[in-house]
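>>> okay, sequence plus prediction incoming.
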Amino acid sequence: MTAPFEIQLHVGFAAIAIFLGPIALYRQRRDLIHKISGYIWVSGIAGLAITGLFIESEFAIVGRFGPIHLFSFLALWGVIDGMRDARKGDIRSHQATMQSIWYGAMGITGLLTLLPGRTLNRVVFGEPSLWGFALIAVGGVGLGWLWLRSRRSRRGALLRRV
């Protein structure tokens with residue numbers, strides 16, 4: 001709670017995106033609940049990406065920006081692209097884009113926030129800790145497993161339609 005306002009706001013948007021993502025992305029029925037949770041999730045991702053740009057990187061390369069800031073731009077681009085796909089009726093591209101955003105923004109970027117020296121590492125482990133690397137490794141394996149599983153289930157659904 002002593003973190004700067006932009007980090008607190010960033011964490012708030014992250015919580016929205018983490019908890020609503022699975023509902024919006026993996027709900028079997030594409031109904032009003034999907035739409036509402038999807039719009040709130042997209043707002044959370046956009047807020048997360050925008051507030052991330054105001055946080056100075058511990059590993060700055062260009063000014064205050066570091067490599068993790070690239071994910072903010074990718075997330076914003078993906079949200080725009082995914083929403084455009086939905087409006088065009090290209091649901092398969094919409095699903096793939098939105099799932100990629102969730103795995104990239106919540107998975108990869110979320111795990112990278114646990115690197116030693118970053119704020120979330122200190123929140124979770126106390127002083128800068130190398131345990132972040134262990135959690136990143138375990139999380140990366142879990143993320144890969146979920147991604148492969150979702151690809152297999154989509155492929156199975158496509159085969160059942162044929």
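Cool, the structure landed. Numbering: from 1, shown residues only.

>>> neighbours of Met106, how many?
Per other Cβ atoms under 10 Å, the neighbour tally for Met106 reads 20. To be clear about C-beta, it is placed using only N, CA and C from the backbone, and glycine gets the same treatment.

>>> my bad, Phe19
Using other Cβ under 10 Å, Phe19 has 13 neighbouring residues.

>>> could you find the closest non-adjacent residue to Thr51?
Residue nearest to Thr51 in three dimensions, not counting chain neighbours: His10, with 4.1 Å by Cβ to Cβ, 6 or more residues apart in numbering.

>>> for the protein, which segments count as strands?
If DSSP state E is used as the criterion, the chain turns out to lack strands entirely.

>>> what stretches of the protein score poorly on pLDDT?
Segments of the chain classed as low confidence (criterion: pLDDT under 70) are 1, 128-129, 151-162.

>>> tell me where it has helices.
Read by DSSP state H, the chain holds these helices, from start to end of the chain: 5-26, 32-52, 69-88, 91-101, 109-112, 119-125, 131-161.

>>> measure Glu6 to Gly44 for me?
For Glu6, the distance to Gly44 under the criterion Cβ to Cβ, to the nearest Å works out to 16 Å.

>>> more neighbours: which of those two?
Neighbours per residue (other Cβ under 10 Å) separate Glu6 from Gly44, with Gly44 holding more: 23 against 15.

>>> quick check: the closest residue to the more buried one other than its chain neighbours vs Glu127, distance?
Distance criterion Cβ to Cβ, 6+ apart; nearest residue to Gly44, sequence neighbours excluded, is Ile16 at 3.4 Å. Distance of Ile16 to Glu127, computed by Cβ to Cβ: 29 Å.

>>> with neighbour numbers in mind, choose between the two.
For the pair Ile16 and Glu127, the greater number of neighbours falls to Ile16 (16 against 7), based on other Cβ under 10 Å.
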